[in-house]
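[1] Quick check, what structure comes out for this input:
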Amino acid sequence: MNVDTTLIPALAILATAGTSLAALWHQRRTSEEARLWERRAELYVDLLAKQHPYLAEADMDPAVRPYFGPQTPEEWELLQVLSARADAFASEAVARLWRDAIFHVYNVSTFETEVMSNPQFPTEEDEAGIAPLLEKRAAASEALRTQIRIELKTGKRRRIPWSRRPRAISGPPH
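    Predicted coordinates:
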């Protein structure tokens with residue numbers, strides 16, 4: 001069988017070019033995935049940090065003043081920006097949990113403004129009415145936090161393989 005020796009260099013050039021293009025495409029895709037992951041991680045930290053921003057009364061201790069949702073135009077703008085970023089970059093699970101958390105914040109805020117006569121001095125009836133709403137808001141917040149930690153891989157214990165675990169020191173060798 002005779003092989004045309006002029007085809008061998010041409011095939012080598014084509015194979016090299018194909019391999020180079022595949023490597024370039026892979027590098028570009030990896031770089032884009034890393035960029036998107038960084039944007040997502042930054043968003044997730046912002047969602048957690050600003051979920052209960054206590055912006056309306058910055059000088060009040062958050063443990064004393066429960067957060068009832070955005071009050072000022074700046075807080076509403078912040079919520080809109082965070083929601084838009086969540087729609088753009090968050091996973092479907094985190095975006096859904098963010099909307100759920102915001103929904104429960106609104107429920108608490110609505111109860112405070114439309115049902116309670118004086119939120120600073122709630123009656124026993126007010127406290128009984130708002131308690132389940134506060135529990136649902138806390139549960140939604142915790143679900144969001146848990147999902148974000150899972151996606152950022154900070155919510156799992158890392159296991160050390162047996163071969164790399166430090167060995168107990170029992171004393172000098174005999």
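[2] Helices of the protein, residue ranges please.
    For the chain, the helices defined by DSSP state H occupy 7-50, 73-89, 92-114, 124-151.
[3] would a markdown table of these with mean neighbour count and mean pLDDT be doable?
    (Each C-beta comes from the backbone N, C-alpha and C, glycine too.) What follows is the helices of the chain, written out as a markdown table (neighbours: other Cβ atoms under 10 Å; pLDDT from 0 to 100):
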| stretch | mean neighbour count | mean pLDDT |
| --- | --- | --- |
| helix 7-50 | 12 | 85 |
| helix 73-89 | 14 | 89 |
| helix 92-114 | 17 | 90 |
| helix 124-151 | 16 | 91 |
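[4] Could you report the separation of the spatially most central residue of the chain from D100?
    Closest to where the C-alpha atoms of the chain average out (Cα atoms, centre = their mean) is Y44, at 2.9 Å. Distance, Y44 to D100, by Cβ to Cβ, to the nearest Å: 15 Å.
[5] Would you check that Y106 makes contact with G69?
    Yes: in this structure, Y106 is within contact of G69 by Cβ atoms under 8 Å, at 5.9 Å.
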